[in-house]
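# predicted model and sequence follow; I will ask about them next.
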Amino acid sequence: MAEKECDNCGDKTERKYLGKIRGKNLCKKCRTKVRNKRREETIDKAGIKDELKSLDRKIRNDWQRKNYRKKNPFKEKKIINEIPIPKGTTRGKVKQKNKSESYLGFKESQVMLKIIMGRGMDFEDAKEELKRIKEELKITREKMKEQNKPEKEIKLKEQQMLEEMYKY
Ligand SMILES: [Zn+2]
């Protein structure tokens, strides 16, 4: 009977059991492997979509940061101190009295806008960016509320998120 080598593993197989995938003649075992791998890749892609989104933003922020540093080598330090802290909180300490749902109030938003624009975005783009940031904060807040995390922890997390985005 006519036997031929599998292009992948080299095992001899009857010709009729070989199948073509992407131009390669593969034995049954190798074809299954290729199919499974492809399936995993597809699942992975769907699973990391969210992570990709935030990674996207990190890259963009990185780029803006570098650009900003180039243009304003001396301002960076000052900006860091301007990162807004949550309403009713001081660093590491939360006053329970303030139950505001909004991490970024009007004043804080203005400061963030200034920071974003300082990194080379125009006003419209900066507004969009701020919207995205607020949305991300909101989603995190809702998730943590669902997990019954205390307000103190939520605010700290929000602050960490903002600092991560803009403080380095
Ligand atoms: Zn094979």
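Alright, I've got the coordinates. Residues are numbered from 1 along each chain as shown.
# domains of this protein?
Domain assignment for the chain by automatic domain parsing gives 3-71, 80-168.
# for these, give me JSON lines that also has mean neighbour count.
For the C-beta atoms, the positions are set from N, CA and C on the backbone; glycine is no exception. Formatted as JSON lines, these follow (neighbours: other CB atoms under 10 Å):
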{"stretch": "domain 3-71", "mean neighbour count": "13"}
{"stretch": "domain 80-168", "mean neighbour count": "15"}
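# need the least confident one among these, by mean pLDDT.
Among the domains of the chain, domain 80-168 carries the lowest mean pLDDT, a mean of 75.
# one step back: among the domains of the chain, which comes closest to the ion?
Closest of those to the ion is domain 3-71, at 3.1 Å (criterion: CB to the ion).
# is the ion within reach of that closest one?
Yes: remark: domain 3-71 sits within contact range of the ion at 6, 8-9, 27, 30, by CB under 5 Å from the ion.
# and the strands in this protein?
Secondary structure of the chain by DSSP state E: the strands cover 3-5, 12-14, 19-21, 24-26, 89-90, 93-94.
# quick one, which of those strands is nearest to residue 39?
Nearest to residue 39 among these is strand 19-21; the distance by CB to CB comes to 13.4 Å.
# list the contacts of that closest one.
Strand 19-21 has contacts (CB atoms under 8 Å, 6 or more residues apart in numbering) with 25-26, 28, 31, 34.
# one step back: could the residues of domain 3-71 next to the ion be laid out in a markdown table, adding distance to residue 70?
Compiled in a markdown table, these are given as follows (distance: CB to CB, whole Å):
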| residue | distance to residue 70 |
| --- | --- |
| 6 | 54 |
| 8 | 49 |
| 9 | 52 |
| 27 | 56 |
| 30 | 51 |
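# now, those residues that are in helices?
Using DSSP state H, residue 30 are the members of the residues of domain 3-71 next to the ion that sit in helices.
# measure residue 132 to residue 139 for me?
Separation of residue 132 from residue 139 (CB to CB, to the nearest Å) stands at 11 Å.
# oh sorry, the question was meant for residue 104
Taking CB to CB as the criterion, residue 104 is separated from residue 139 by 14 Å.
# next one: residue 68
Note on residue 68: its distance to residue 139, by CB to CB, is 27 Å.
# please apply the same query to residue 38.
Here the distance between residue 38 and residue 139 works out to 32 Å (CB to CB).
# in the chain, which spans are helices?
For the chain, the helices defined by DSSP H occupy 28-47, 49-71, 76-82, 106-118, 123-146, 151-166.
# which other helices and strands does the fourth one contact?
Spelled out, it's helix 106-118. Judged by 3 or more CB pairs under 8 Å, 6 or more residues apart in numbering; DSSP states H and E, the packing partners of helix 106-118 are helix 76-82, helix 123-146, helix 151-166.
# alright, that wraps it up for me.
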